[in-house]
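Undergrad: everything below, folded, please.
(chains A and B)
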Amino acid sequence: KAGVTQTPRYLIKTRGQQVTLSCSPISGHRSVSWYQQTPGQGLQFLFEYFSETQRNKGNFPGRFSGRQFSNSRSEMNVSTLELGDSALYLCASSLGFGQGANIQYFGAGTRLSVL
Amino acid sequence: GENVEQHPSTLSVQEGDSAVIKCTYSDSASNYFPWYKQELGKGPQLIIDIRSNVGEKKDQRIAVTLNKTAKHFSLHITETQPEDSAVYFCAALTQGGSEKLVFGKGTKLTVNP
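TA: So this is what the prediction gives:
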């Protein structure tokens, strides 16, 4: 079974631009969660999507948004980029329901650098 | 909100020794506690998890213990090998309002040959 795939692996943007990151979950998984990882703050939860609906949300500004498609693939968008948005963005997929609903499997991440 | 404290932040051991990483959580309703290993340039990999109805779980050289009363859980790695060198994260699944995983800040484990 293929794992969680994130694209692109690396991105360089400038302040004020916007960016879209993509995540393809494990086949059969309906939940996709996004995290921001930085050396200072560690892994911080952004939001979770399940069956095309945002089910949970962390404490990030509205510049961070996401969506999920009918095939469970998810995208995350960050608008008006700031220097502090430089981080590794990780996507994790899980079944989202039933036994093992919360067991999350991570992708390799997208490294975003904002200049 | 929910908080997970992880200690130590760095740990250096000799090959063959044991390593122990400890975490505490604040939400008494948390019921699922996974551990992840992250190697350089990779995403976190789930290595073991435990649910609140179990006190201990073992998988070969790795074990996790949970003390619900004290809100502590620990990762034990025995007979460490150089390939165990990585950053390890603990996490707790919060229940208050919405379910989400809250992670500790990580422990960088170095196993010296």
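
Undergrad: CA atoms for contacts and neighbours, from now on please.
TA: OK.

Undergrad: determine the longest strand present in chain B.
TA: Under DSSP state E, the strand in chain B containing the largest number of residues is strand B:86-94.

Undergrad: which SSE is the residue in chain B that chain A sits nearest to in?
TA: Nearest to chain A, among the residues of chain B, is residue B:43, at 4.1 Å (Cα to the nearest Cα). In the assignment (DSSP states H and E), residue B:43 maps to no helix and no strand.

Undergrad: same check, this time on the one 5 residues further on
TA: For residue B:48, the element it lies in under DSSP H and E is strand B:45-51.

Undergrad: before we move on, back to that, gap between the residue of chain B closest to chain A and residue B:24?
TA: For residue B:43, the distance to residue B:24 equals 23 Å [Cα to Cα, to the nearest Å].

Undergrad: please report the distance of the most centrally placed residue in chain A from residue A:68.
TA: By Cα atoms, centre = their mean, chain A has its centre lying nearest to residue A:34, at 3.0 Å. Computed with Cα to Cα, the distance linking residue A:34 and residue A:68 is 11 Å.

Undergrad: how far does the worst-scoring helix or strand of chain B on mean pLDDT sit from its chain's centre?
TA: Here the helix or strand of chain B ranked lowest by mean pLDDT, DSSP states H and E is strand B:100-103, holding a mean of 92. Strand B:100-103 sits 12 Å away from the centroid of its parent chain (Cα atoms, centre = their mean, to the nearest Å).

Undergrad: that strand vs chain A: in contact?
TA: Yes: Strand B:100-103 is in contact with chain A by Cα under 8 Å from any Cα of the partner chain, via B:100, B:101, B:102, B:103.

Undergrad: and that strand, which strands flank it?
TA: In the sheet, strand B:100-103 lines up against strand B:86-94 (antiparallel) (DSSP bridges).

Undergrad: and the strand holding residue B:48, what other elements does it pack with?
TA: With contacts defined as 3 or more Cα pairs under 8 Å, 6 or more residues apart in numbering or on different chains; DSSP states H and E, the packing partners of strand B:45-51 are strand A:105-106, strand B:32-38, strand B:56-59, strand B:62-67.

Undergrad: the longest one to strand B:86-94, inter-axis angle?
TA: So the one you mean is strand B:32-38. 160 degrees (axes from the mean of the first three to the mean of the last three Cα atoms, to 10 degrees).

Undergrad: highest mean neighbour count out of the helices and strands packed on strand B:45-51?
TA: By mean neighbour count, with neighbours taken as mean count of other Cα atoms under 10 Å in any protein chain shown, strand A:105-106 ranks first of the helices and strands packed on strand B:45-51 at a mean of 24.

Undergrad: okay, and the beta partners of the residue most central in space within chain B?
TA: Centrality entry for chain B: nearest residue to the mean C-alpha point is residue B:90, 3.5 Å, by Cα atoms, centre = their mean. In this entry, residue B:90 is beta-bridged to residue B:35, by DSSP bridges.

Undergrad: that one and residue B:32 touch, don't they?
TA: No: at 10.7 Å, residue B:90 and residue B:32 do not qualify as touching, with contact defined as Cα atoms under 8 Å.

Undergrad: one step back: which residues touch the least confident helix or strand of chain B?
TA: The contact list for strand B:100-103 (Cα atoms under 8 Å, 6 or more residues apart in numbering or on different chains) reads A:42-45, A:56, B:2-4, B:89-94.

Undergrad: kindly report the same for stretch A:35-47.
TA: Contacts of stretch A:35-47 (Cα under 8 Å, 6+ apart): A:33-34, A:54-60, A:64, A:66, A:86-91, B:100-106.
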